[in-house]
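In: Test case, fold it:
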Amino acid sequence: MQTLISKPSPELYQQAKTLIQSWELVAFPTETIYGLGANALDSDAVQKIFTVKGRPSSNPLIVHIGEKSQIADLAIVENSFQQQIIDKLFPGPVTLLLKKKPGIPEVVTQNPFVGIRMPSNQIANDFLKAVALPIAAPSANISGKPSPTSAPMVMDNVGGKIPLIIDGGDSNYGIESTVIKVDEENNQGKIWILRPGFITKEDLEAFFEGQPVSVEYTSKDKNLSPGTRFRHYSIPGKITIIDHKTELPSSFDAPTAVIATTERFERENFDSLDPHTPFLTKLQRGSESNLASCAHTLFQLYHDCEKAGIKTVFIQRLTENGLGFAIMNRVKRSAEN
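Out: Okay, here's the model as predicted:
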């Protein structure tokens, strides 16, 4: 199959609509990463997502919408705290788990809940409105690899397997949406973060300040959210997390990369390493004072390492406060054996 990469236009959106209505897949940009989309209401179309990605069938998909009014056909809003999320944080980089309605095929999610997301990226929103269907979409990559944050990354993963990639440039944030589940008991709200993302625990606490709401990370109910059970975000080589006490070898016998912040390189520049070794690549991942820059570059740097044939990656540990928690979640998952 020939894969077309094209910049957005009204004509392209109509082409995308025709493909979606014909049970085909379309890759599209969002503010977080690129998604691989299919008509969420058609089991055969959704099954193609799992086939193209090599994705385990038990790993649920997120359903993307272009209008808040679509939620009523897909899921049940059970409490006022869920409604507040929809009213104030949609559109944005957050996925809300809701009780699904019967129209959602089992292949989308094999549990009673469905993740609903409304992207804030204008191209994604235009695409979703043009298609006028709910779109099931995981990351547009081969399962287990780093999530794509640009159209060329998508092409490197699924080129030749899908007909169209909408090229919206680099993703704004670079890591996936925050997945949350909101419960209510005795007028008390409980927000569970199943997958950390760009909307942080601190953001949610500030949003509900003054209300009877608590926010917690949770590792239970892993089957309800994507990105929580299987190895993700990784490359063929070995990934090792380093901190300020880590001593690296002075030389290497295979292609190696050190991924660190601007400040880390300024502090030590890893001067103990042989600067003339042909096997060493130093990659800056952003600034410690701007964690968003570290999130933005993470998956692209991993992808660059894989394309360069890097066999070993040493990546700097970051703070796990705020956005750093989500970034380190991805780094730790990538370093799992």
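In: So residue 144 versus residue 232, what's the distance?
Out: 6 Å (Cβ to Cβ, to the nearest Å). All C-beta spots, glycine's among them, are computed from the backbone N, C-alpha and C.
In: I meant residue 165, not that one.
Out: Taking Cβ to Cβ, one finds residue 165 at 21 Å from residue 232.
In: Neighbour count for those two, which is higher?
Out: When residue 165 and residue 232 are compared for neighbours, residue 165 comes out ahead with 27 against 22, by other Cβ atoms under 10 Å.
In: hang on, the more buried one in a strand?
Out: Yes - under DSSP: H, G, I helix; E, B strand; the rest coil, residue 165 sits within a strand.
In: give me the number of residues near residue 314?
Out: If you count neighbours by other Cβ under 10 Å, residue 314 ends up with 18.
In: isn't it right up against residue 243?
Out: No - Residue 314 is beyond contact range of residue 243, at 10.6 Å (criterion: Cβ atoms under 8 Å).
In: which stretches of the chain aren't confidently modelled?
Out: 229-231, 269-279, 337 (pLDDT under 70).
In: okay, now the domains of it?
Out: Taking automatic domain parsing as the reference, the chain has its domains at 4-166, 238-334.
In: Counting neighbours, what do you get for residue 243?
Out: For residue 243, using other Cβ under 10 Å, the count is 8.
In: Now for it: which residues touch it?
Out: 316-317 (Cβ atoms under 8 Å, 6 or more residues apart in numbering).
In: could you redo the last one with a cut-off of 6 Å?
Out: residue 317 (Cβ atoms under 6 Å, 6 or more residues apart in numbering).
In: What is the neighbour count of the residue nearest to residue 306 when sequence neighbours are not counted?
Out: Closest residue to residue 306 apart from its sequence neighbours, by Cβ to Cβ, 6 or more residues apart in numbering: residue 235 at 4.2 Å. Residue 235 has 20 neighbouring residues, counting by other Cβ under 10 Å.
In: wouldn't residue 235 be in contact with residue 308 here?
Out: No - here residue 235 does not reach residue 308: they are 10.2 Å apart, not a contact under Cβ atoms under 6 Å.
In: Just the residues contacting stretch 76-84, thanks.
Out: 99, 182, 184, 189.
In: Narrow those to those that are buried.
Out: 182, 189 (16 or more other Cβ atoms under 10 Å).
In: In helices, which of the contacts of stretch 76-84 appear?
Out: Among these, DSSP state H puts none in helices.
In: before we move on, back to that, with distance to residue 210 as added columns, please give the domains of the chain in a markdown table.
Out: As requested, these are exported to a markdown table (distance: least, Cβ to Cβ, whole Å):
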| stretch | distance to residue 210 |
| --- | --- |
| domain 4-166 | 12 |
| domain 238-334 | 21 |
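In: deepest of these, which one?
Out: domain 4-166 (a mean of 20; mean count of other Cβ atoms under 10 Å).
In: Distance across that domain, terminal residue to terminal residue?
Out: One end of domain 4-166 sits 8 Å from the other (Cα to Cα, to the nearest Å).
In: Also stretch 262-281?
Out: 15 Å.
In: Also stretch 150-165?
Out: 10 Å.
In: for the chain, longest helix please?
Out: The chain, longest helix under DSSP H: helix 291-307.
In: what does that one contact?
Out: 146-147, 149, 153, 174-175, 235, 257, 259, 283, 285-287, 313, 323-324, 327.
In: what about the strands in the stretch 201-337 of the chain?
Out: Secondary structure of the stretch 201-337 of the chain (DSSP state E, counting those that start in this stretch): strands at 213-217, 238-242, 256-260, 280-284, 312-316.
In: now the last one, how far from the chain's geometric center?
Out: Once both centres are worked out by Cα atoms, centre = their mean, to the nearest Å, strand 312-316 turns out to sit 21 Å from its chain's centre.
In: Check stretch 320-337 too.
Out: Per Cα atoms, centre = their mean, the centroid offset for stretch 320-337 relative to its chain is 13 Å.
In: Would you check that my belief about residue 127 contacting residue 28 is correct?
Out: Yes - assessed by Cβ under 6 Å, residue 127 is found in contact with residue 28 at 5.0 Å.
In: How about residue 232: what's its closest non-neighbour residue?
Out: residue 333 (4.9 Å).
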